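*Asks:* Provide a 3D model corresponding to the input given below.
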Amino acid sequence: MPHYGVDPLPGLPGSVTICEVGPRDGLQNEQAIVPADVKVELVARLADAGHTVIETTSLVHPKWVPQLADAEEVLRRVERRPGVRYPVLVPNRRGLDRALDLGVTDIAVFASATESFAKANLNRTVDESLEMFAPVVARAREAGLNVRGYLSMCWGDPWEGEVPIPQVVATASRLLRLGCTELSLGDTIGVATPGRVAALLSALTAADVHIGQIAVHFHDTYGQGLANTLTALRAGVRTVDASAGGLGGCPYAGGATGNLATEDLVWQLAGLGIHTGIDLAKLVDTSVWLAERIGRPLTSGTARALATEPSTKH
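*Replies:* Numbering: from 1, shown residues only. All right, here's what the predicted structure looks like:
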C-alpha cells in the first residue's frame, strides 16, 4: 500500500475497534442471493485482514430477509478464531434459542428510535419491541453473552423527519437498562452531520450513558460518514461500525444507501496514527473479490483507488 505520512490530531484515541458489518448489514440488501460459500469465505477473509469483530449473519425469518436464509449453515461452517468475535442479530426468543444452539457468544437486537420505523421494521410500536427484547436480553446475559443494542433512526427518519434528541436518549437508556452491553447509534438514512452527532452524544452522556458503551453506525448517503465518525471519536467513542466496500443499506428504510466503507475509515484512521489492527491491502483485496462475486462495483473510494494503483506502489 502507498504511504503518505501520519499526522495525529489532538483529542483522538490511540486505537479504534471497527465492527465489520459487511456479512450481515452489507449483504442483507443485495438483490441477488449470495451463496453460503461466498459468505463463509468473506468472514474468513475479513478475519485474515485483522478484523476482531465481524457481524456474521442474522437469525431472522427467511420471509423477512431471504438474503440471510442460510444463517444456520453459515454459522456452522465459519471457523471461529481465537480473539475474534462473531456477533449475530437475533429478533426474538426463537432467534436466541437458535443462536445458543449454534454456540454463538455475541448477539445483537435491533430497536428503533421512531414509531414509524419500528412499525415498518418490526411491525410493533417502540414499547412493544422493547418488551419483546427484554426476555431475550435477560436470558442472553444470564448465558454469559455480550448483547449489542442497535438503535436505528437516531438522527432522521424517512417518515417523521428530524428525530428529537430527547426521544433518542429515552430509547437508548431503556435499551441499556434492559442489559445491553453496547449501544450502536444508527444514522440509518445517512442524514446526520457533525454538529448533530456531537449534540446527541453530549445528551447521552448527560443522561449518564457511559461513552465507552457507545458505538456509531453511519450510512454515507450524503457523504458525511467520515466527518461524523471523526466527531464521534473526538467525543470519546472508540467503536465504529463499517462495511467492506461500502456495501449495505436497510430493506425497510427508503433512502438508506451504503454503510461507511471500512477501507475509507481505515485509510483515515491510519493517516491519523490511530491503530485498528486491519491490513488495508488485504481488506481491499477482499472487497475486490466480493464485488466480482456480487456483480457490482465497489462504492468505497479508497478501495477503488488502491485497487487500481500500479503494482510497483504496493
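*Asks:* Could I get the full set of helices for the stretch 101-250 of the chain?
*Replies:* Counting by DSSP state H, counting those that start in this stretch, the stretch 101-250 of the chain has helices at residues 115-122, 126-142, 165-178, 194-206, 225-234.
*Asks:* most packed of those?
*Replies:* By mean neighbour count, with neighbours taken as mean count of other CB atoms under 10 Å, helix 225-234 ranks first of the helices of the stretch 101-250 of the chain at a mean of 21. Any C-beta I mention is one placed from the backbone N, CA and C, and that applies to glycine too.
*Asks:* what inclination does that one have with respect to helix 194-206?
*Replies:* In terms of direction (axes from the mean of the first three to the mean of the last three CA atoms, to 10 degrees), helix 225-234 departs from helix 194-206 by 30 degrees.
*Asks:* Work out the gap between helix 225-234 and the centre of the chain.
*Replies:* Averaging C-alpha positions (CA atoms, centre = their mean, to the nearest Å) puts helix 225-234 15 Å from its chain's average.
*Asks:* what residues does that helix touch?
*Replies:* For helix 225-234, contacts defined as CB atoms under 8 Å, 6 or more residues apart in numbering pick out 11-13, 16, 187, 190, 192-195, 197-198, 201, 214, 216, 218-219, 240, 259-261, 264-265, 268, 274.
*Asks:* And for stretch 51-61?
*Replies:* Where contact means CB under 8 Å, 6+ apart, the residues beyond stretch 51-61 that reach it are 17-25, 28, 39, 43, 46-47, 65, 68, 71-72, 74-75, 78, 83-91, 95, 98-99, 108, 277-278.
*Asks:* Stretch 19-28 now?
*Replies:* Stretch 19-28 has contacts (CB under 8 Å, 6+ apart) with 34, 39, 42-43, 46, 51, 53-58, 65, 67-68, 87-89, 184, 215, 217, 239-245, 247-248, 250-251, 259, 262, 290, 294.
*Asks:* ok, now stretch 290-297?
*Replies:* Where contact means CB under 8 Å, 6+ apart, the residues beyond stretch 290-297 that reach it are 22, 27, 30, 32, 34, 38, 42, 244-245, 247, 298, 304.
*Asks:* Now list the buried members of the contacts of stretch 19-28.
*Replies:* 34, 39, 42-43, 46, 51, 53-58, 65, 67-68, 87-89, 184, 215, 217, 239-245, 247-248, 250, 259, 262, 290, 294 (16 or more other CB atoms under 10 Å).
*Asks:* And the strands in the stretch 151-300 of the chain, which stretches?
*Replies:* In the stretch 151-300 of the chain, the strands defined using DSSP state E, counting those that start in this stretch lie at 156-157, 161-162, 182-187, 214-218, 239-242.
*Asks:* could I get these as JSON lines with distance to Ser112 and mean pLDDT?
*Replies:* JSON lines is the format used below for the strands of the stretch 151-300 of the chain (distance: least, CB to CB, whole Å; pLDDT from 0 to 100):
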{"stretch": "strand 156-157", "distance to Ser112": "8", "mean pLDDT": "96"}
{"stretch": "strand 161-162", "distance to Ser112": "15", "mean pLDDT": "96"}
{"stretch": "strand 182-187", "distance to Ser112": "9", "mean pLDDT": "98"}
{"stretch": "strand 214-218", "distance to Ser112": "13", "mean pLDDT": "98"}
{"stretch": "strand 239-242", "distance to Ser112": "17", "mean pLDDT": "98"}
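*Asks:* Just send these back as a markdown table, with distance to Val137 too.
*Replies:* Shown next, in a markdown table, are the strands of the stretch 151-300 of the chain (distance: least, CB to CB, whole Å):
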| stretch | distance to Val137 |
| --- | --- |
| strand 156-157 | 24 |
| strand 161-162 | 29 |
| strand 182-187 | 12 |
| strand 214-218 | 17 |
| strand 239-242 | 19 |
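*Asks:* tell me, what residue is most central in this protein?
*Replies:* For the chain, the residue nearest the mean C-alpha position is Asp241 (3.9 Å; CA atoms, centre = their mean).
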